[in-house]
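J.: Dropping the sequence and predicted coords here.
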Amino acid sequence: MYAGAKHVVFRNFMVAKRGWPSFISGFAEPVLYLFSIGVGMGKLVDGFDIDGRFVTYAAFVAPAMLAASAFNGSLFDSTFNVFFKLKYDKIYDTMIVTPLTVFDIARGEIIWCVARSTLYSTGFLAIMAAMGMVHSWLALLTIPATMLIGFAIASIGMALTTYMKSWQDFESITLAVTPLTLFRRGSCLRELGCRAFS
């Protein structure tokens, strides 16, 4: 880890430790989706035949929800939180007068987003294992994949946030995220997941 970035990560960790309910909330949405859509709708949908293997509906949507967990963990931290720290809380103004550089701050925030994303994904994978949806050790390979998701979303989200002038600008993020949430089941992780989780 970069020397300056670790101070930003440590600061975010200390804040998250005090405000853990908001930290957990991003993890809850995909888990509730899994229970409502995967398990609830799973009673109505028999399942699918993929490569000659029967896959339950819950196991079919679970990999997409795993990706959603990584996505949410990184997106909201790299957009709403960064915007608040930049425009209102002026956290970065105080950081920049220390020996930290702008690149240290950006790296630290991105590393924190990836760490949060990875934590969400690992927890979600543990819930999938507890529900009996993981049948191969290859499912562990989704963790590096979700780290890449977290890194990509954090980088894009932070870059876009620097152009935003007010909270109304975040409506465009909501406009982009809502269809992604609805159509995430078509992601490439689903294909990997159907083989690793069934």
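T.: Okay, I see it.

J.: use CA for all of it now, contacts and neighbours both
T.: Noted.

J.: and the helix or strand containing Gly73, average pLDDT?
T.: Applying DSSP states H and E as the criterion places Gly73 in helix 57-76. Taken as a whole, helix 57-76 has an average pLDDT of 81.

J.: can you check stretch 100-111 too?
T.: 90.

J.: Over to stretch 114-130?
T.: On average, stretch 114-130 scores 88.

J.: what's the helix holding Gly73 packed up against?
T.: helix 20-33, helix 102-130, helix 142-161, helix 188-196 (3 or more C-alpha pairs under 8 Å, 6 or more residues apart in numbering; DSSP states H and E).

J.: For Ala67, which of these is the nearest?
T.: helix 142-161 (6.3 Å; C-alpha to C-alpha).

J.: Just the C-alphas of the closest one, formatted as CSV.
T.: Below are the C-alpha coordinates for helix 142-161, written out as CSV (Å, rounded to 0.1, in the frame of the first residue of the first chain):
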residue,chain,number,x,y,z
THR,A,142,-15.4,-14.6,-7.3
ILE,A,143,-13.6,-12.6,-4.6
PRO,A,144,-10.8,-11.4,-6.9
ALA,A,145,-13.5,-10.7,-9.6
THR,A,146,-15.5,-8.6,-7.2
MET,A,147,-12.3,-6.7,-6.2
LEU,A,148,-12.0,-5.8,-9.8
ILE,A,149,-15.6,-4.6,-9.8
GLY,A,150,-14.9,-2.6,-6.7
PHE,A,151,-11.8,-1.0,-8.2
ALA,A,152,-13.5,-0.1,-11.5
ILE,A,153,-16.6,1.4,-9.9
ALA,A,154,-14.5,3.3,-7.3
SER,A,155,-12.3,4.8,-10.0
ILE,A,156,-15.1,5.8,-12.3
GLY,A,157,-17.3,7.0,-9.4
MET,A,158,-14.6,9.2,-7.9
ALA,A,159,-13.7,10.7,-11.2
LEU,A,160,-17.3,11.5,-12.0
THR,A,161,-17.9,13.0,-8.5
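
J.: which outside residues touch that helix?
T.: 66-67, 70-71, 73-75, 77-80, 82-83, 110-111, 113-115, 117-118, 121-122, 189 (C-alpha atoms under 8 Å, 6 or more residues apart in numbering).

J.: Ala62: neighbour count?
T.: 30 (other C-alpha atoms under 10 Å).

J.: Check Ile37 too.
T.: 16.

J.: Let's verify Phe54: helix, strand, or coil?
T.: Assigned with DSSP: H, G, I helix; E, B strand; the rest coil, Phe54 falls in the strand class.

J.: what is it paired to in the beta sheet?
T.: Asp49 (DSSP bridges).

J.: all numbers from here: first residue = 524
T.: Taking 524 as the first residue, the last one we looked at is Phe577.

J.: And it, how close does it get to Gly570?
T.: From Phe577 over to Gly570 the distance is 7 Å, taken as C-alpha to C-alpha, to the nearest Å.
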